[in-house]
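*Asks:* would you be able to build a 3D model of this:
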Amino acid sequence: QLVESGGGLAQAGDSLSLSCVVSGLTFGSIVMGWFRQAPGKEREFVAAIRQRDGTTEYSDSVKGRFRISRDRAKSTVYLQMNSLKPEDTAVYFCAYKRGNFITEPALDYEYWGQGTQVTVSS
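*Replies:* You can find the predicted model right below:
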């Protein structure tokens, strides 16, 4: 089970932080990802982290503004979002895939959280 928290309303330039707690699943050789989906658009990759060594990957649209991290002791993954823009408005999902390869297609991920809304006003 993946449970997200955080999100909410923000103004352009603000920061928000999301958390995703993993329970009932191994937190070992896995990749955790963050995706987002805006109304009328497909779900898109935002960032991912490989649990084994902390290697990260970001989409070009968030690189330099967002930071993914994990706390293995708490089985939790975070997404720190800085310099938010109105185009960051979406429902954000955390996702889980077994294995050690970071991939971007949403179909590669096996488990998903329920999503949390992030709304950024200009």
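
*Asks:* could you find the closest non-adjacent residue to residue 90?
*Replies:* residue 36 (3.7 Å; Cβ to Cβ, 6 or more residues apart in numbering). Where C-beta positions appear, they are placed from N, C-alpha and C, glycine not excepted.

*Asks:* please report phi then psi for the residue most central in space within the chain.
*Replies:* The chain has residue 34 as the residue nearest its centroid, 2.1 Å off, counting by Cα atoms, centre = their mean. Backbone torsions for residue 34, taken as degrees, to the nearest 10, come to phi -120, psi 130.

*Asks:* and the nearest residue to it once chain neighbours are set aside, what helix or strand is that in?
*Replies:* Leaving aside its sequence neighbours, residue 34 sits nearest to residue 46 (Cβ to Cβ, 6+ apart; 4.4 Å). In this structure, residue 46 sits in strand 44-50 according to DSSP states H and E.

*Asks:* buried residues in that strand, which are they?
*Replies:* 45, 46, 47, 48, 49, 50 (16 or more other Cβ atoms under 10 Å).

*Asks:* the first one bridge partners, please.
*Replies:* Looking back up the chat, that one is residue 45. Counting by DSSP bridges, residue 45 forms beta bridges with residue 35.

*Asks:* that one contacts residue 35, correct?
*Replies:* Yes. Applying Cβ atoms under 8 Å as the test, residue 45 and residue 35 come out as touching, 5.8 Å apart.

*Asks:* which neighbours do the two have in common?
*Replies:* residue 106 (Cβ atoms under 8 Å, 6 or more residues apart in numbering).
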